[in-house]
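>>> 3D model of this:
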Amino acid sequence: MREKRAAMGIQMHSGWGVLIVVSFPNRVEVLDRRRVIVIDPAMRGAKQPYHHARTQLEEMNLEEAERYLENCSATCEQLSMEAVEEAVVGVRGRGYQIVGSAILEGAGRPLPSLPQILASHPLIHTAEGEFFSRSARKACERLNIPVTAIRRRDLEELAKTTLGRAAAQVKSTIGTLGKSIGPPWTADHKGAALAAVTLLAKNRSRHFV
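Next up is the predicted model:
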């Protein structure tokens, strides 16, 4: 029997994220919804690794800061992969194939060197946003799930372009899904679901199977 298509939407924050799996043949169906923890609470400063590295620079040199960030990254990527894999296995057991993952991101600008990042508080925030999004991106790539990065500010326009006249209805349906599936159904869940639906619609228009 032919597998049904589904897509994953992910919105990351500092140390955690929201992961949604949806299908969209004719209507939006949520197949999986979970809060993902991607840090080891025993690792000092893991929730805000660049902030921690900056405050600890008096105690550790730049090389040690890089090693600390690498260790945090490895843990985040492993925990992200475990969560993504669990979701994949769960929906596969229901006859669905995840054909792609849409990861919502911030500005998406290239970052400078680590010393420059640690010297700028705004850049530290940008780097941490990229840090946790990257862990989800790498987790999906390790599991051979195609990844599409979508800037949060571009999502609504992308949905309109991809879904056409159906965009308003799809967005309205996603907005009220919490009434049928219950809480939590926050802005993060809605954004991740819309990103996943948009990805499915875009792939379908390109005849992806």
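>>> show me what secondary structure element comes after the helix of greatest length in the chain.
Looking across the chain with DSSP state H, the single longest helix is helix 62-92. Scanning forward in sequence from helix 62-92 by DSSP states H and E, the next helix or strand is strand 96-105.
>>> now the helices for this protein?
In the chain, the helices defined using DSSP H lie at 49-55, 62-92, 114-118, 121-142, 155-163, 167-181, 187-205.
>>> of all those helices, which lies closest to residue 22?
helix 187-205 (4.7 Å; CB to CB). C-beta: built from backbone N, CA, C; applies to glycine.
>>> buried sites along the closest one?
Residues of helix 187-205 classed as buried by neighbour count (16 or more other CB atoms under 10 Å): 188-203.
>>> now that helix, how far from the chain's geometric center?
12 Å (CA atoms, centre = their mean, to the nearest Å).
>>> so which elements touch that helix?
Secondary-structure packing of helix 187-205 (3 or more CB pairs under 8 Å, 6 or more residues apart in numbering; DSSP states H and E): strand 4-12, strand 16-23, strand 96-105, strand 147-151, helix 155-163, helix 167-181.
>>> can you lay out the helices of the chain as CSV showing mean pLDDT?
Shown next, in CSV, are the helices of the chain (pLDDT from 0 to 100):
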stretch, mean pLDDT
helix 49-55, 91
helix 62-92, 95
helix 114-118, 93
helix 121-142, 95
helix 155-163, 96
helix 167-181, 95
helix 187-205, 92
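>>> of the ones you listed, which is nearest residue 40?
helix 62-92 (5.1 Å).
>>> residue 56: neighbouring residues, count only.
Neighbour count of residue 56, defined by other CB atoms under 10 Å: 14.
>>> check contacts around the spatially closest residue to residue 99 that is not a sequence neighbour.
Take residue 99 and drop its neighbours on the chain: the residue closest to it by CB to CB, 6 or more residues apart in numbering is residue 5, 5.2 Å away. Each residue near residue 5 by CB atoms under 8 Å, 6 or more residues apart in numbering is listed here: 23, 25, 96, 97, 99, 200, 203, 204, 209.
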